[in-house]
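**Student:** how does the following fold in three dimensions:
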Amino acid sequence: MEVEFDVKVTPGVLYDYMLYHTYTSASGLIGAVVGALLVVAFFMGNSVLCLIAGIVILAYLPWTLFIKSRQQYLANPAFKNPLHYRLTEEGMEVSQNGEVQSQKWAEMHKAVSTPKSLIVYTSPVNASIFPKKDLGEKALLVIEAISTHMPPKKVKIRS
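**Tutor:** This is a model prediction of the structure:
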């Protein structure tokens, strides 16, 4: 089975990816828990300083990720035009402006989903992002291709 599709990476798509990537890492989770605990501490009778610190901690990460997604979009010329993907029996190919890069399924680290995207990690920190709005009717075919070629323990996709 072979599936081909085009995706456009926008600042919103990057932000969705960055939120997922950050809040599923240890540092992102610790930051969220600390911020929440400070807010709870305020309601348990501690000073207003706990509330302010908790809100700042909880708001800081999403805000900086929002800014970073915009900056990354503007700084990366590859995001200006759509990326063409081809999922084959061997792996995944991405092409743009005549350049083609490919990676074998065995080299993929994991595949996950967010409410807005399917994400295939090509390394622990790099990923191919497939916005669900761009996939349209091909979304199920893409999920099937990923699930067929990657070990089940590496695939955490919810439809």
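**Student:** for this protein, which helix is longest?
**Tutor:** Ranked by number of residues, the top helix in the chain under DSSP state H is helix 48-75.
**Student:** next one: that one to chain centre, how far?
**Tutor:** The chain centroid and the centroid of helix 48-75 are separated by 17 Å, computed with Cα atoms, centre = their mean, to the nearest Å.
**Student:** same check, this time on stretch 91-99
**Tutor:** 20 Å.
**Student:** before we move on, what about stretch 37-57?
**Tutor:** 30 Å.
**Student:** do me a favour and get the end-to-end distance for it?
**Tutor:** End-to-end distance of stretch 37-57 (Cα to Cα, to the nearest Å): 11 Å.
**Student:** buried stuff in that stretch?
**Tutor:** Buried residues in stretch 37-57, counting neighbours by 16 or more other Cβ atoms under 10 Å, are found at 38-39, 41-42, 50-51, 53-54, 57. Where you see a C-beta, it was placed from the backbone N, CA and C, and this is true even at glycine.
**Student:** quick one: which of those residues is nearest residue 88?
**Tutor:** Checking the buried residues of stretch 37-57 against residue 88 with Cβ to Cβ, the nearest one is residue 57 at 44.7 Å.
**Student:** what's the pLDDT at that closest one?
**Tutor:** With respect to pLDDT, residue 57 has a value of 91.
**Student:** same check on residue 159?
**Tutor:** So, for residue 159, pLDDT stands at 61.
**Student:** in this protein, where is pLDDT below threshold?
**Tutor:** Along the chain, the model assigns pLDDT under 70 to residues 159.
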